[in-house]
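Participant: Turn this into a model:
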Amino acid sequence: MSLTRRNLFVIAAAIGLAGGISSAYAADVLNVGSYPSNPPFEYKNDSGTFEGFEVDIVTEAAKRAGLKPEIADYGFQALFAGTTSKRIDVAISSITITPDRLKSQSFTQPYYDSDMGVATKSDSAIKGLSDLKGKTIGVLSGSTGDKWVKDNTAANGFGDVKGYNAQQEMFLDLGAGRVDAVISDIPGMEYLFVKMKGFSVKDRIKTGEQYGLMMTKDHPLLEKLNGAITEMKKDGTLAKIHKKWFGSEAPAGSSTITEMPIPKA
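Facilitator: Numbering: from 1, shown residues only. Here you go, the predicted structure:
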């Protein structure tokens, strides 16, 4: 069948309308990237659905901002490329707010305070940092634990440093003796040890770390999502989410219940 000029205009208009509908739908979606194995902050349950402390936070914040969150799997390091390239709007995975990251990313106000720790097999003779001279240390590649170890290798006399893309792989190697200790965020390790027996946190490293939603630099939704987090702190929603996932009240004065400004570089 031949197409007249009129037919072509009608088809073009229809395509344009369809594209407009698609764009309008996309405008209501908050694209979220998440590392899928980081309990209790985020993980996939048996049905393949994301759950966790930060999943509840981003879902509620999106709802208050009039958006529908769509969460996709990303490796930890890939999250940074995902926000920078604007493939995702938000990244969650207990991502620490740091001056270096603020140069290329934006963060909402923090909602969780964390320290790092030294973990070993429970029966290991290693008791803390002072016993790690010459030892092989496991870290999650691209994490603040990775950076801390590299920055402090000379001062502490660490031996080799092995990076991993998945927490479970890292602890499987620890159990097999391929690394002597792991340095990572305490909350995630302690939660993992409830199911993965034979490990324990031997020492705490005070870092003043705080987690927030990481977004594309100067993202237009930053203020809206940050405002939603403020509301969640004021009405007690964030405190309830903390209680749900950690089984304890959020500490007094912590970023989980205290309104804070958007971090600046």
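Participant: residues in contact with residue 61?
Facilitator: Applying Cβ atoms under 8 Å, 6 or more residues apart in numbering, we find residue 61 in contact with 108, 213, 225, 228-229, 232. To be clear about C-beta, it is placed using only N, CA and C from the backbone, and glycine gets the same treatment.
Participant: Weed out the non-buried ones from those residues.
Facilitator: Neighbour-count burial within the contacts of residue 61 applies to 108, 213, 225, 228-229, 232; the criterion is 16 or more other Cβ atoms under 10 Å.
Participant: Please list all residues in contact with residue 71.
Facilitator: Neighbouring residues of residue 71 by Cβ under 8 Å, 6+ apart: 32-34, 50, 55, 58.
Participant: Report the residue spans of this protein with pLDDT below the cut-off.
Facilitator: Within the chain, the segments meeting pLDDT under 70 span 1-26.
Participant: show me where the stretch 101-250 of the chain has helices.
Facilitator: Taking DSSP state H, counting those that start in this stretch, the helices of the stretch 101-250 of the chain run over residues 144-156, 167-176, 186-195, 222-234, 237-246.
Participant: Now render these as TSV, adding distance to residue 41.
Facilitator: What follows is the helices of the stretch 101-250 of the chain, written out as TSV (distance: least, Cβ to Cβ, whole Å):
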stretch	distance to residue 41
helix 144-156	14
helix 167-176	11
helix 186-195	6
helix 222-234	15
helix 237-246	8
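Participant: Which of the contacts of residue 71 fall in helices?
Facilitator: 55, 58 (DSSP state H).
Participant: Farthest pair within the contacts of residue 71?
Facilitator: The distance between the two most remote of the contacts of residue 71 (Cβ to Cβ) is 12.1 Å, for 33 and 55.
Participant: For the residue nearest to residue 74 when sequence neighbours are not counted, grab the count of nearby residues.
Facilitator: The spatial neighbour of residue 74 that comes closest, neighbours along the chain excluded (Cβ to Cβ, 6 or more residues apart in numbering), is residue 33 at 4.0 Å. When neighbours are defined as other Cβ atoms under 10 Å, residue 33 has 24 of them.
Participant: What's opposite residue 33 in the beta bridge?
Facilitator: Partner residues in beta bridges with residue 33, using DSSP bridges, are residue 72, residue 91.
Participant: you'd agree it is up against residue 95?
Facilitator: No. Proximity of residue 33 to residue 95 does not meet the contact threshold set by Cβ atoms under 8 Å, at 10.4 Å.
Participant: Overlap in contacts, the two.
Facilitator: Common contacts of residue 33 and residue 95, defined by Cβ under 8 Å, 6+ apart, comprise residue 79.
Participant: At the geometric centre of the protein, which residue do we find?
Facilitator: When Cα atoms, centre = their mean is applied to the chain, the residue found nearest the centroid is residue 93 (1.3 Å).
Participant: Name all residues that make contact with that one.
Facilitator: Shown in contact with residue 93 (Cβ under 8 Å, 6+ apart): 34-35, 38, 41-42, 54, 74, 76, 79.
Participant: quick check, residue 256 in a helix?
Facilitator: No. Inclusion of residue 256 in a helix is not indicated when DSSP: H, G, I helix; E, B strand; the rest coil is applied; the result is coil.
Participant: Look up the closest residue to it, ignoring the ones flanking it.
Facilitator: Leaving out its chain neighbours, the residue that sits closest to residue 256 by Cβ to Cβ, 6+ apart is residue 250, at 3.8 Å.
Participant: what's the neighbour count on the one you found?
Facilitator: A count of nearby residues for residue 250, using other Cβ under 10 Å, gives 22.
Participant: go on, the one 3 residues further on?
Facilitator: Residues near residue 253, counting by other Cβ under 10 Å, number 9.
Participant: cool, and residue 161?
Facilitator: Here the neighbour count serves as a burial measure; for residue 161 (other Cβ under 10 Å) it reads 16.
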